[in-house]
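Engineer: Need a 3D model of the sequence below.
(chains A and B)
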Amino acid sequence: MSPSRGSGRVSVFLVGALLQVAAVRAGHAQDDAKSWLERMAHAAQTLSYDGIFVYVQGARVDVMRVVHSVDKGVERERLVTLTGPVREVVRRGDTVTCILPNEEAVAVGTKPARSRFPKVFTARFSLIAQSYEFRLGGKDRVAGRETQHIVLRPKDSFRYGYDLWLDDASGLLLRSQTIDPEGQQVEQILFTTIQFLPSVPEALLEPQTQGRHLTWQMPDAGTTAPQDARWRVTWLPSGFFQTAHELRQVVPEGPPTDHSVFSDGLASVSLFVERAQGGSSSSAEPPHGVQAMGAMHAYRRRLGDLLVTVVGEVPAVTVRRIGDSIHAAGQP
Amino acid sequence: MNMSDDSTEHVSRLVDGELEEPLIVPLLKRMEKEPDLERRWERYHLISDALRNHLAESVDPGLSARVREALAEEATIIAPSFSWRLRAKELVGLAMAASIATIAVLGVYRLTEQSDAVSEPARYAQSAAVVSAVSSQSVGETPVTFARLYNYLIDHSAHASVSGMPGLIPYVRVVGHSAR
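Structural biologist: Model (predicted):
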């Protein structure tokens, strides 16, 4: 009968209208979250401040101080541990210096000179939206300041989710939680005090520790090197694309390493491929398998006479699958 | 003490990379809830490093005191199992030591899937000829191993700060993971 058909049509129309309203609402929520993330990226590059924060990985807690300044468009940053051995990272524009205790058995090869620091974060939102849902959470207080909670959740289990708390007044990131696919926190950064400064005294930006200085240039996103024809990656999580590729001398006397970087706009994964030392039957190379370092995972395996290392701030399954997907050229 | 002998044994096997994979995640979950278990895990790592002479005394002057303390506290519980483990592993000891040292340098706090790292040397142990090759080469390789994995992390972090989350998080990881 026509009345029932009519009411059916009405309800279809109503459901359609409701879905539309819901979609528009979701769109608004995403737009709001997006504008906050834009503020966050802008704040990270333009504000001068001096703050102390805790860095939590599992049961381990480190306390660090960060001083950031922007003077005539040049960013400077100093990060120093306040607990445990003194480590510092000092950045001036594109040049980063890592200061480690003298005893540290670390060697870093010469970094290629790059000039431009790409400010591309805001251009990456459509990319991020492919892999993550983002929405506004509630208001909360961090380091005595009002903050806005932003929730970022991955659309699959190959990457982490993030909870971000941004300063209401400035947009600066004051608290960040990294969440694994099981919903467990793997890492947290939480400011306990922060001071915004009109200008930063020079002394606060100078390294205070003696030690070995390792200096390198910030890499330029989108650098390229000729693709090595001996191998190829056959699997990446959806939304990941190559952002850099270069040949690097990771170990001073060692063979050159082919370094590719893949990113989904938030998480990134590095793939290092090099000729294994000691021939194909050697078992002297570092341990194979997955190792965890807080939110970071590393996976190593042999591929013929090549040694493949995958490192990234993604779950263990992701580095393993990427590493296992690498085939020698000419094989399926 | 609120933990069973089982969990103590599991922690010990986790440190040695001998815990079966299905047991690892439940144990890590328990460690999060039980600070005692977590501290035990830390102590076992210290002891394990000390036994393999991989403590960087110069980095942390208080370390040897803490190790003595830990040894005194734990000797009765774990000494027997460590001794058989060392025997069982003497042949591949250096290869294993290399992996443990690598972990120590990177400041790894959670070992999630160690099965590959363990099973490889264990398989080699079946052949004495291969084992001696492993051991002799591991001696030379160990410092390289240290430097290498940390270099990968630094290299990756420099890129992550450009292509990933803006701001300081990638550098926090560089500093945080090595400050151990």
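
Engineer: Let me know the average pLDDT across stretch B:28-42.
Structural biologist: Averaged across stretch B:28-42, pLDDT comes to 72.

Engineer: Same question for A:H149, what's its three-state structure.
Structural biologist: strand (DSSP: H, G, I helix; E, B strand; the rest coil).

Engineer: residues in contact with the closest residue to it other than its chain neighbours?
Structural biologist: Leaving aside its sequence neighbours, A:H149 sits nearest to A:G137 (C-beta to C-beta, 6 or more residues apart in numbering or on different chains; 3.1 Å). In this view, the C-beta of every residue, glycine as well, is placed from N, C-alpha and C. Shown in contact with A:G137 (C-beta atoms under 8 Å, 6 or more residues apart in numbering or on different chains): A:148-151, A:163.

Engineer: Distance to A:V80 added to the residues you listed, as JSON lines?
Structural biologist: Shown next, in JSON lines, are the contacts of A:G137 (distance: C-beta to C-beta, whole Å):
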{"residue": "A:Q148", "distance to A:V80": "28"}
{"residue": "A:H149", "distance to A:V80": "28"}
{"residue": "A:I150", "distance to A:V80": "28"}
{"residue": "A:V151", "distance to A:V80": "31"}
{"residue": "A:D163", "distance to A:V80": "26"}
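
Engineer: now that we have these, which one has the most neighbours?
Structural biologist: The most crowded member of the contacts of A:G137, judged by other C-beta atoms under 10 Å in any protein chain shown, is A:I150 (22 neighbours).

Engineer: how much space between that one and chain B?
Structural biologist: Applying C-beta to the nearest C-beta, to the nearest Å, the value for A:I150 to chain B is 12 Å.

Engineer: which residues does that residue contact?
Structural biologist: A:I150 neighbours (C-beta under 8 Å, 6+ apart): A:33, A:36-37, A:40, A:134-137, A:163-166.

Engineer: which SS state does the closest residue to it other than its chain neighbours fall under?
Structural biologist: Nearest non-adjacent residue to A:I150, counting by C-beta to C-beta, 6+ apart: A:L164, 4.5 Å away. Following three-state DSSP, we place A:L164 in the strand state.

Engineer: So for A:L164, what's the pLDDT?
Structural biologist: We have a pLDDT of 93 for A:L164.

Engineer: Could you double-check that it lies in contact with A:M40?
Structural biologist: Yes - between A:L164 and A:M40 there is a contact at 7.0 Å, judged by C-beta atoms under 8 Å.

Engineer: Which neighbours do those two have in common?
Structural biologist: By C-beta under 8 Å, 6+ apart, A:L164 and A:M40 have these common neighbours: A:150, A:173.

Engineer: Just the closest residue of chain A to chain B, please.
Structural biologist: Here chain A gets closest to chain B at one residue, A:G289, 2.6 Å apart by C-beta to the nearest C-beta.

Engineer: Give me the most central residue, chain A.
Structural biologist: What sits nearest the mean C-alpha location of chain A, by C-alpha atoms, centre = their mean, is A:A267, with 4.5 Å.

Engineer: residue contacts, that residue?
Structural biologist: The neighbours of A:A267, taking C-beta under 8 Å, 6+ apart as the test, are A:159-160, A:312-314, B:164.

Engineer: next one: A:R159
Structural biologist: Counted by C-beta under 8 Å, 6+ apart, A:R159 has contacts A:131-132, A:237, A:264, A:266-267, A:314-315, A:318.

Engineer: So, low pLDDT: which residues of the chain?
Structural biologist: I went with chain A, as the question did not name one. Residues of chain A that meet the criterion pLDDT under 70 lie in A:1-30, A:94, A:100-124, A:209-229, A:249-254, A:277-288, A:330-332.

Engineer: oops, chain B please
Structural biologist: Counting by pLDDT under 70, chain B shows low-confidence ranges at B:1-5, B:15-18, B:21, B:25, B:32, B:39, B:41-151, B:158-159, B:161-171, B:174-180.
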